[in-house]
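> give me a 3D structure for the following:
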Amino acid sequence: PEDFYRIDSVAGDGHGGFFVVENWAARRTVHIDAQGKLIREWYGGQGFQQWITQDPRHADRFWLTGTFNTDVNECEVDWAKRDWHVRAVYDIQDALAKTLGGLLYAPAGYIAARMHAAYRDLDGDGKPERLLWVEDYPGLLLRIDEAAGRLVPLAAAGFLQDNELRILQSGKPTASESQRYAPLLAAYATYPKNVPTPRYWTWADANGDGLMQPEEMRLFTGDQNGMYVGGYFSAFQLGDDLSLWQRSGFDMPPGGPSWYVMKPAGYTPCGAPIWRYDTRVRSVANELLRHASVTKDNSSYEVRITPG
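Coordinates of the predicted model:
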């Protein structure tokens, strides 16, 4: 094989052949004989489970995240040979760094995170774009630019961390902070000063360049000290209309809503959904769970509805 993404180690097998290990992409181990011919390949999490999601339009393609890295892998299956290989590797952190600066980052090594793929005709040209999002991650919608081999952020929603609040409230960012948070600082410059410092933000790409401009950001006030929706260890789903379903991963108050839903307030010219935290509503899922009971085999919850 000549398509290694990144080789981590090589070891001899004692018979003139050798093993090659790469700890990136789909984490592959390859056994090659003394003549350079492939004997066997192994793919997988090697002790950590990686969720795999089938592409909705291609039955032989699957998506999974990397382990101990920020890769997103598109894999292709040969059903007849009962084998599969990596078709493409995308770096999600590279996409975030170029677009959102310090507002979102992909922690290297997010394990057992499920990718989701969808197809939507965003710009009305009759050609659906391929979209991706990560379930166990803050609100981030990505468009796949296969020709350029990259992921392009399309829309995002997040929570301002305490350090970012300090930067806004002090009005004295360092040189590096000014560069890293330039869109946020520019958006905050026009934010009303007679209301609390914003705690949430959303972004929707207006022109399809995958870059954050201040006029594309929206800032919202919120609880300064308590539970926040989104953030790390959160859950995230998209509806058919690109509604954002989001919940926090920790610090849920007793009786607090399990999910919030933000329906798009509209769409930008390039089809990005415009999410607003001030229009989010509690989902019906939480209300159902209040009346749910565990099934007899303890495998799930059930909700029984009485007529009338």
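> what sits closest to Trp51 if chain neighbours are left out?
Arg114 (3.8 Å; Cβ to Cβ, 6 or more residues apart in numbering). No exception for glycine: its C-beta is placed from N, CA and C like everyone else's.
> let's see the pLDDT reported for that neighbour.
According to the prediction, Arg114 has pLDDT 75.
> in this structure it contacts Leu132, no?
No. Using Cβ atoms under 8 Å, Arg114 is not in contact with Leu132, being 11.2 Å away.
> the helices in the stretch 201-308 of the chain, which residues?
284-290 (DSSP state H, counting those that start in this stretch).
> remind me which residues of it are low pLDDT?
Applying pLDDT under 70 to the stretch 201-308 of the chain flags residues 222-235, 247-259, 282-308.
> and the strands in it?
217-220, 235-238, 244-247, 260-262, 281-282, 293-294, 301-302 (DSSP state E, counting those that start in this stretch).
> the residue lying closest to Asn23 once chain neighbours are set aside: how many residues sit nearby?
Ranked by Cβ to Cβ, 6+ apart and with sequence neighbours excluded, the top spatial neighbour of Asn23 is Asp8, at 4.5 Å. Neighbourhood size, Asp8 [other Cβ atoms under 10 Å]: 11.
> go ahead and confirm Asp8 touches Arg27.
No. Contact criterion Cβ under 8 Å: Asp8 and Arg27 do not qualify, at 9.4 Å.
> count of residues packed around Arg40?
The burial count for Arg40: 9, using other Cβ under 10 Å.
> what's opposite it in the beta bridge?
For Arg40, the beta-bridge partners under DSSP bridges are His31.
> pretty sure it contacts Asp33?
No. Contact status for Arg40 versus Asp33: not in contact, 10.0 Å apart, counting by Cβ under 8 Å.
> hmm, back to that, looking at Arg114 and Leu132, which is more packed in?
When Arg114 and Leu132 are compared for neighbours, Leu132 comes out ahead with 21 against 16, by other Cβ under 10 Å.
> quick one: what helix or strand has the more buried one in it?
strand 129-134 (DSSP states H and E).
> just checking, what packs against that strand?
strand 115-120, strand 139-145, strand 235-238 (3 or more Cβ pairs under 8 Å, 6 or more residues apart in numbering; DSSP states H and E).
> what's the most buried one of these?
Across the helices and strands packed on strand 129-134, averaging neighbours per residue (mean count of other Cβ atoms under 10 Å) puts strand 139-145 on top, at a mean of 23.
> identify the residues contacting the strand holding Leu132?
Identification of contacts with strand 129-134 by Cβ atoms under 8 Å, 6 or more residues apart in numbering yields 63, 65, 72, 92, 110, 113-123, 140-144, 146, 151, 154, 236, 238, 271.
> wasn't Pro183 part of a helix?
Yes. With DSSP: H, G, I helix; E, B strand; the rest coil as the criterion, Pro183 is part of a helix.
> ok, and the closest non-adjacent residue to it?
Using Cβ to Cβ, 6+ apart, the closest residue to Pro183 is Met212 (4.4 Å).
> count of residues packed around the one you found?
23.
> make residue 1 into 47 and carry on from there
Let's use 47 as the start, then, which means that last one is Met258.
> list the contacts for it?
Thr145, Leu146, Gly147, Pro229, Trp249, Asp251.
> for Asp255, see how far away the fourth one is.
Relative to Asp255, Pro229 is positioned 13 Å away (criterion: Cβ to Cβ, to the nearest Å).
> can you put the helices and strands packed on strand 175-180 in TSV and add distance to Gln215?
Output for the helices and strands packed on strand 175-180, formatted as TSV (distance: least, Cβ to Cβ, whole Å):
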stretch	distance to Gln215
strand 161-166	36
strand 185-191	24
strand 281-284	28
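> how about those, which one is nearest Ala134?
Evaluated over the helices and strands packed on strand 175-180, closeness to Ala134 peaks at strand 185-191, with 8.7 Å, by Cβ to Cβ.
> the residue most central in space within the chain bridge partners, please.
Nearest to the geometric centre of the chain sits Val180, at 3.1 Å (Cα atoms, centre = their mean). When bridges are called by DSSP bridges, Val180 pairs up with Met161.
> now do the helices in the stretch 47-196 of the chain.
Using DSSP H, counting those that start in this stretch, helices in the stretch 47-196 of the chain cover 138-146.
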